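Chemist: Okay, predicted coordinates and the sequence, questions at the end:
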Amino acid sequence: MDLAELVDRTLITDTLHAYCDRVDRSDLDALLDLFTDDAELDMGHGATATGPELRPFVIERIRRWTTTQHHCSTITVARYDGATASTVSYLYVFHDDPGRDETLHLWGRYLDELVKEQGSWRIRRRRLRVAGARRTASSPLPDRFEPFPRQPLPDV
């Protein structure tokens, strides 16, 4: 493994982490910039969007929850050739909506295919596969904590 590959592997990991951060902050434009123009996002059981369908698909999913917290770990670059890469990463996500009195904890994996475009790694295909989920009632955030802000989402 040479220095260029080590740098690329770090940039690939940064892309996967950026996805989680941008979803959690509902930073829609920055989030969509992580994908190629023809990207496919597959959330399982037929919930899939491609290319121009991605924007409304993502808005609808982010809008379901007032708070999310994604944790992406155990990132493995399964295939790398300098221009494309495949990764497997593990996911834990916390979703909360006090208005519906619902919290969802989810454990799973992302299976990603990325391409290098103009020096940046972008997601061409993301598949979520779930190992487990748990729904509970929402719990209020204690007053001593300040929640992190989320950006308002546009109408679809």
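Modeler: Yep, it's here.
Chemist: What segments of this structure are helices?
Modeler: Secondary structure of the chain (DSSP state H): helices at 3-24, 28-32, 54-63.
Chemist: So which of those is nearest residue 78?
Modeler: helix 3-24 (11.0 Å; C-beta to C-beta). Heads up, the C-betas are built off the backbone N, CA and C, glycines and all.
Chemist: could you say what helices and strands the closest one packs with?
Modeler: helix 28-32, strand 67-80, strand 84-97, strand 102-117, strand 120-136 (3 or more C-beta pairs under 8 Å, 6 or more residues apart in numbering; DSSP states H and E).
Chemist: list the buried ones in the shortest one?
Modeler: By neighbour count, with 16 or more other C-beta atoms under 10 Å as the criterion, the buried positions of helix 28-32 are 28, 31.
Chemist: what sits up against that helix?
Modeler: Residues outside helix 28-32 that contact it (C-beta atoms under 8 Å, 6 or more residues apart in numbering) are 18-19, 22-23, 54-55, 58-59, 62, 151, 153-154.
Chemist: make it 7 Å
Modeler: With contact meaning C-beta atoms under 7 Å, 6 or more residues apart in numbering, helix 28-32 is reached by 19, 22-23, 54-55, 58-59, 153.
Chemist: If any of those residues are buried, give me the PyMOL selection for them.
Modeler: Buried residues within those, by 16+ other C-beta under 10 Å, are selected in PyMOL with:
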select buried, resi 19+22+23+54+55+58+59
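Chemist: and residue 89, bridged to which residues?
Modeler: For residue 89, the beta-bridge partners are residue 110 (DSSP bridges).
Chemist: Now do the contacts for it.
Modeler: Residue 89 sits next to 16, 72-75, 109-110 when contact means C-beta under 7 Å, 6+ apart.
Chemist: For residue 149, grab the count of nearby residues.
Modeler: 8 (other C-beta atoms under 10 Å).
Chemist: Same check on the one 3 residues further on?
Modeler: When counting by other C-beta under 10 Å, one arrives at 7 neighbours for residue 152.
Chemist: what's the answer for residue 65, then?
Modeler: Residue 65 - counted by other C-beta under 10 Å - has 22 other residues nearby.
Chemist: May I have the beta-bridge partners of the residue nearest to it when sequence neighbours are not counted?
Modeler: For residue 65, ignoring the flanking residues on the chain, the nearest one in space by C-beta to C-beta, 6 or more residues apart in numbering is residue 95 at 4.3 Å. Counting by DSSP bridges, residue 95 forms beta bridges with residue 68, residue 104.
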